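Trainee: Give me a 3D structure for the following:
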Amino acid sequence: GYPAARALRTFAAREKDAELLSMTAEIEGGMAISEAMRARPESFPVWQVEIACVGETSGRLDRSFALIADSLERRREFWMALLPKLAYPALLLHFAPVAFHIGTAMTKGWTLFAVKVLASLLPLYGAVFVLHRLGMIVGSRPELLASVPFAGGILRGALSHYLALLVRAGIPLSSALPLAARASGLSESHAGLRSASALAGTGAAAVEVLSALALFAP
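Mentor: As a prediction, the model looks like this:
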């Protein structure tokens, strides 16, 4: 039952966040929360703004922000679980050359040891660089991204997550689909997305829209 602007001011003051204090002043001056969020695209993605806008319209702003918070928490949990798993093999790959060449340091000096360790790590860094470049190329080609097994699975999972979130918030499928695509990283130039969005605008069934998207197995 706390007024939204008062709650935001309390939080912003506690966090000493100047941007949120500025946002609070705008809301207290009569601006809608969703519009204050929309004016800060670097802090609030479009999908969050639209969910907040629906909450203002329905009078359930608490539910809208709970949906956003749940989505962000799920994303945080995913990365918190993934990063330690990635850190262990990275540490092991860096430790192996050090352990293998430590005898060189004892017999021939630390300079030669460092050269041998770096020479052992160069192929690893080269492979990482190549994978990074390939990832950038594939990421710029959405028609390729969807067909790459691992990346395609992440894309479909993210799209499904945001689409479910937006529909739960009460946003129509025709509006939710392009918002979910943008949030998940699917390019607006994707042919399937254009077809599906056009079909959703005609009131077609969800199964027809998703079939036209051409990302999911039948």
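Trainee: Do a quick rundown of the helices in the protein.
Mentor: 4-15, 18-28, 33-38, 46-58, 61-108, 110-139, 142-145, 149-168, 173-184, 191-200, 206-213 (DSSP state H).
Trainee: got any ranges where this protein has weak pLDDT?
Mentor: The chain contains residues with pLDDT under 70 at 135-136, 138-151.
Trainee: Return the residues in contact with Leu179.
Mentor: 46-47, 50, 162, 166, 171 (Cβ atoms under 8 Å, 6 or more residues apart in numbering). Heads up, the C-betas are built off the backbone N, CA and C, glycines and all.
Trainee: ok, for it, nearest residue in space, not its chain neighbours?
Mentor: With sequence-adjacent residues excluded and distances taken as Cβ to Cβ, 6 or more residues apart in numbering, Leu179 is closest to Trp47, at 4.9 Å.
Trainee: And the one you found, how close does it get to Phe216?
Mentor: Distance, Trp47 to Phe216, using Cβ to Cβ, to the nearest Å: 20 Å.
Trainee: the more surrounded of these two?
Mentor: Trp47 (22 against 12; other Cβ atoms under 10 Å).
Trainee: before we move on, the earlier item: pretty sure the residue nearest to Leu179 sits against His161.
Mentor: No - with contact defined as Cβ atoms under 8 Å, Trp47 does not count as touching His161 (10.5 Å).
Trainee: Overlap in contacts, those two.
Mentor: Joint contacts of Trp47 and His161 (Cβ under 8 Å, 6+ apart) do not exist.
Trainee: number of nearby residues for Leu193?
Mentor: Neighbours of Leu193 under the rule other Cβ under 10 Å: 24.
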